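J.: Below is the sequence, then the predicted model.
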Amino acid sequence: MLINNINTSSVTSLGATSASSGSSLGTPAAGGSSFKDTLLKSIGEVDNLQKDANRAVEQLATGGDVSPAEVLSAVQKADIAFRLMMQIRNKLVQAYQDVQQIRV
């Protein structure tokens, strides 16, 4: 099948990154991955979903063995994943701007 399932573990692990035990932001906690690695992995998954959707649309346009329902599903998954990524980016930018405005 052409369509990959959205791996929700990367989305849930984004919220479950450990900030305990006083570890620095760049180093992962014991047994965990860093925020940077999680973010890059999520971006890669969104990119893969968009590539899969593009392939499905191309196959449908060229008469390949793919149903319109599969194409629609692939395009919608890619769209939802991209919108989620943009919302996360917007929240990170907003948090950065809020931190910048804190007076010491």
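T.: Perfect, thanks for sending it.
J.: Could you list every helix and strand that the host helix or strand of K77 packs against?
T.: Using DSSP states H and E, K77 falls within helix 68-100. Counting contacts by 3 or more C-beta pairs under 8 Å, 6 or more residues apart in numbering; DSSP states H and E, helix 68-100 is packed against helix 35-61. The way it works is simple: take the backbone N, C-alpha and C, and place the C-beta from them, glycine included.
J.: Can you give me the buried ones in the helix holding K77?
T.: 70-71, 74-75, 77-78, 81, 85 (16 or more other C-beta atoms under 10 Å).
J.: between the residues you listed, which is closest to S42?
T.: Of all these, S42 sits closest to M85, with 6.8 Å by C-beta to C-beta.
J.: Out of the buried residues of helix 68-100, which comes closest to K51?
T.: For the buried residues of helix 68-100, the nearest to K51 is A78 (8.6 Å; C-beta to C-beta).
J.: any idea how far F35 is from that closest one?
T.: Applying C-beta to C-beta, to the nearest Å, the value for A78 to F35 is 24 Å.
J.: residues touching N90, list them.
T.: The contact partners of N90, taken as C-beta atoms under 8 Å, 6 or more residues apart in numbering, number zero.
J.: ok, K41 to Q100 distance?
T.: Relative to Q100, and taking C-beta to C-beta, K41 is found at 27 Å.
J.: Same question for D47.
T.: 29 Å.
J.: Can you pull out the low-pLDDT segments for this structure?
T.: In the predicted model of the chain, residues 1-31 satisfy pLDDT under 70.
J.: try 80 this time
T.: 1-32 (pLDDT under 80).
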